[in-house]
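**Q** Okay, here's the prediction I keep looking at, along with the sequence it came from:
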Amino acid sequence: MTANTLTIRRPDDWHVHLRDGDILKGVVPYTARQFARAIVMPNLSPPVIRAADGAAYRDRIMAALPAGMDFTPLMTAYLTNGTDADDLAAGFTDGIFTAAKLYPAHATTNSAHGVTNIANIYGVLERMQAIDMPLLIHGEVTDHDVDIFDREAVFIERTLNKVVRDFPELRIVFEHITTAEAVDFVVASGPNIGATITPQHLHINRNAMFAGGIRPHAYCLPVAKREKHRLALRKAAVSGNPKFFLGTDSAPHAVSAKESACGCAGIFNAPFAIESYALVFEEEGALDKLEGFASEFGPRFYRLPLNEDQITLTKAPVEVPLSVDANGTPVSPFHAGETIGWKFSAG
Ligand SMILES: NC(=O)N[C@@H](CC(=O)O)C(=O)O
Ligand SMILES: [Zn+2]
Ligand SMILES: [Zn+2]
């Protein structure tokens, strides 16, 4: 590392939405350009539930990947009240599924088929614990009487504590954490509990959604919280604690679907993802901790080999466009209209 360049082991993205159909072809290259592997979320419509769905979706991703790009999608199963534990376990053993994802029903985009009560999947969790298959969690309660800004903290109290107590050996990733409570929970838990942190939750607090007017492009789920939570997340990300690792939650929606009377939740951060994290680590005076967070702690948690190739980040002004083309669909990238101070290059 010199003052102006930083070369690190090539990173992986442990939480991404690649979608399907035409837009899949448009967004895959943004992720594959930076990341060697990615944990691909299963919240398609209809969702990826059975092992055969996972295999077919992986084939569609590989078909959408431009020739010559080196990228491995790691597939996940969408848990439902009716998940077939035998099919799920076979999918894991056969190398189709890397993990399974818990969406509380109606917590987020395409989660209507999610789990309505954690008790409904206790048999599946038992099986996952037995075969050491990781559980990935969108950790928010959906009760209408719980304030949207409290839904993650209440999920820890009402659901996550119970799951961890009842399945003490289960490997769990608490996805896209947004609160100091989540940071504290993960730090206090055993080594089988990790968490991903997105770039947006390190950069913005909830004011960003209302800065001078309503800002749909700053809206994602879980929603950004108060400043004290952002600061707790930044501290966790740069701490060097291997429980915290990179997961962008890049979630593209067409500009028209975001700029609407009922705008979709999700921030598309794939085009400048590693640059966005680098900014945070630089601001925290912790660039030496970026490689662990981005390229080492995730594969160790998932028990996968580290990538051998490298990427370089160079200090240079880069203008982020207001929108990028995703195979015919305009999508607004995170940091749109800003000039960011890092430039990515492969090798
Ligand atoms: N994060 C989001 O705001 N949206 C994600 C779903 C999710 O990860 O919860 C999406 O699929 O659009
Ligand atoms: Zn989610
Ligand atoms: Zn997500």
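**A** Yep, that arrived. Numbers count the residues shown, from 1 in each chain. Ligands and ions are numbered 1, 2, ... in the order given.
**Q** who touches the residue in the stretch 51-200 of the chain positioned nearest to ligand 2 in this structure?
**A** Proximity of the stretch 51-200 of the chain to ligand 2 (Cβ to the ion) peaks at residue 138, 3.6 Å away. The way it works is simple: take the backbone N, C-alpha and C, and place the C-beta from them, glycine included. Contact analysis of residue 138 by Cβ atoms under 8 Å, 6 or more residues apart in numbering lists 101-104, 107-108, 111, 175-176, 221-222.
**Q** can you pull out the strands in the stretch 1-150 of the chain?
**A** 5-9, 13-16, 37-40, 72-78, 97-102, 135-137 (DSSP state E, counting those that start in this stretch).
**Q** among these, which is the most enclosed?
**A** strand 13-16 (a mean of 28; mean count of other Cβ atoms under 10 Å).
**Q** Whether that one contacts ligand 1 - can you check?
**A** No: on the criterion Cβ under 6 Å from any ligand atom, strand 13-16 is out of touch with ligand 1, staying 7.2 Å away.
**Q** residues in contact with that strand?
**A** Contact with strand 13-16 is made by 31, 34-35, 37-41, 136, 173, 175-176, 196, 198, 245-250, 270, 273, 298, 302, as judged by Cβ under 8 Å, 6+ apart.
**Q** Over to stretch 314-327?
**A** With contacts defined as Cβ under 8 Å, 6+ apart, stretch 314-327 is touched by 3-6, 22-27, 30, 252, 255, 268, 271-272, 275, 330-343, 345.
**Q** Go through that stretch and flag the buried ones.
**A** By 16 or more other Cβ atoms under 10 Å, the buried positions in stretch 314-327 come out as 320, 323-324, 326.
**Q** List the ones among those that fall in strands.
**A** Mapping these onto strands (DSSP state E) picks out 324, 326.
**Q** and of the buried residues of stretch 314-327, the nearest to ligand 2?
**A** Distances from ligand 2 to the buried residues of stretch 314-327, taken by Cβ to the ion, are shortest for residue 326, at 20.0 Å.
**Q** related to what we said a few turns ago, and ligand 1, which of the contacts of strand 13-16 reach it?
**A** residue 249.
**Q** buried set for stretch 17-34?
**A** 17-19, 23-34.
**Q** before we move on, the earlier item: selection in ChimeraX covering whichever of the contacts of stretch 314-327 are buried, please.
**A** Only the buried entries of the contacts of stretch 314-327 go into this ChimeraX selection, using 16+ other Cβ under 10 Å:
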select :6,23,24,25,26,27,30,252,255,268,271,272,275,331,332,333,334,335,336,340,341,342,343
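**Q** can you list the strands of the stretch 1-150 of the chain in TSV and add mean pLDDT?
**A** Shown next, in TSV, are the strands of the stretch 1-150 of the chain (pLDDT from 0 to 100):
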stretch	mean pLDDT
strand 5-9	97
strand 13-16	99
strand 37-40	99
strand 72-78	99
strand 97-102	99
strand 135-137	99
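**Q** Quick check: phi and psi at residue 193.
**A** For residue 193, the backbone dihedrals (degrees, to the nearest 10) come out as phi -110, psi 120.
**Q** residues from this protein in reach of ligand 1?
**A** Contact residues, the chain versus ligand 1 (Cβ under 6 Å from any ligand atom): 17, 43, 108-109, 138, 220-221, 249, 251, 265-266.
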